[in-house]
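A.B. asks: Sequence and predicted structure, then a few things I'm wondering about:
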Amino acid sequence: MTKIVSLATVLLPLVSAVALAFDRHDNDGSSAKSAVRANAQQERRPGPLVIGGGGGTPDSVGRHFVKLSGGRQARIAVLPQASSRPDRGASSVKMFQSLGCQSFIVNLADLRSARERIESATAIWFPGGSQSALYKALDTAGLVAVIRRRHAQGLVVGGTSAGAAVMSAVMISRSPETQTLRSGNTPSASGLGLVPNLIIDQHFVRRRRMNRLVGIVLDQPGRIGVGIGEATAIVVSEGRFRVLGRNSVIVVDPREARVDRPAVKGLQSATGLQLHVLKAGQEFRFQKED
């Protein structure tokens, strides 16, 4: 009996040490796997969006966009197909170059070169014009999927005026013919869908576009309307945005509202819509935190 106790006394610590070593090995493996998963998720995180309301891009917005894009190492691809001007995109390139980084216009006449330039860029910028013309040009060139993929992988994307409106999945394509709140009155089309929770409108306060934004929000009550004033921008990242610039951002939030669904061209109605008026430095969260 004395020998058995002595043997157990020797073996038990040895078994415990071996078990602990295996447990440590498993824990280290789990930690390593968790770190890999976390890094992979971070790599797949969409890049920030800088969405301007038109009427000029303030220096603070331009500088912040360049900083997000890589600073002096940034390579900003300008896609100016919203405009029909012969010098389209030139002022955007000049602005970014004056801020100390590389910038270049992407011409869609040579699609192979266009793809290569987009693939090599650290950021994309869409100047103003017609959002419908911009989306059509990108779609015809087969670049919509390329831009979506690169943004999903972390590419920074920005734009102003038409270049802001095109960010939405449901895009306001033009002004309605009448200023009534009726179902389907605000014309819409497919956009890039880089921020699918939001419907973006631009030149908002100066051009009095509340009717058309409220109208499309009531047509699409799962999405939040964001009207951006001139010389103002929102920086979108991780389910929230922050306001930069000189003027106001209006948010029409229907998520807690009771929205009636009338027939096409029928009068719209809703109760419980939330309205937010934001200025520079303020934030708005439109997605729940993970």
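C.D. replies: It's in.
A.B. asks: so what's Leu198 up against?
C.D. replies: Taking C-beta atoms under 8 Å, 6 or more residues apart in numbering, we find Leu198 in contact with 167-168, 223-226, 236, 286. Every C-beta, even on glycine, is put in place using the N, C-alpha and C of the backbone.
A.B. asks: And the strands in the stretch 1-150 of the chain, which stretches?
C.D. replies: Using DSSP state E, counting those that start in this stretch, the strands of the stretch 1-150 of the chain run over 49-52, 75-78, 102-105, 123-126.
A.B. asks: circling back to that earlier point, out of the contacts of Leu198, which is nearest to Gly142?
C.D. replies: Ranked by distance to Gly142 (C-beta to C-beta), the contacts of Leu198 are led by Met167 at 19.2 Å.
A.B. asks: Can you pull the phi/psi pair for that closest one?
C.D. replies: Note on Met167: backbone dihedrals following degrees, to the nearest 10 are phi -70, psi -30.
A.B. asks: residues near the nearest residue to Ala121 once chain neighbours are set aside, how many?
C.D. replies: Spatially, and ignoring its direct neighbours in sequence, Ala121 is nearest to Ala77 (3.8 Å; C-beta to C-beta, 6 or more residues apart in numbering). Counted by other C-beta atoms under 10 Å, the residues lying close to Ala77 total 26.
A.B. asks: same question, Gln268
C.D. replies: Residues near Gln268, counting by other C-beta under 10 Å, number 19.
A.B. asks: Spit out the contact partners of the residue lying closest to Val156 once chain neighbours are set aside.
C.D. replies: Among residues not flanking Val156 along the chain, Ala123 sits closest, at 4.0 Å (C-beta to C-beta, 6+ apart). Shown in contact with Ala123 (C-beta under 8 Å, 6+ apart): 47, 65, 68-70, 74-77, 155-158.
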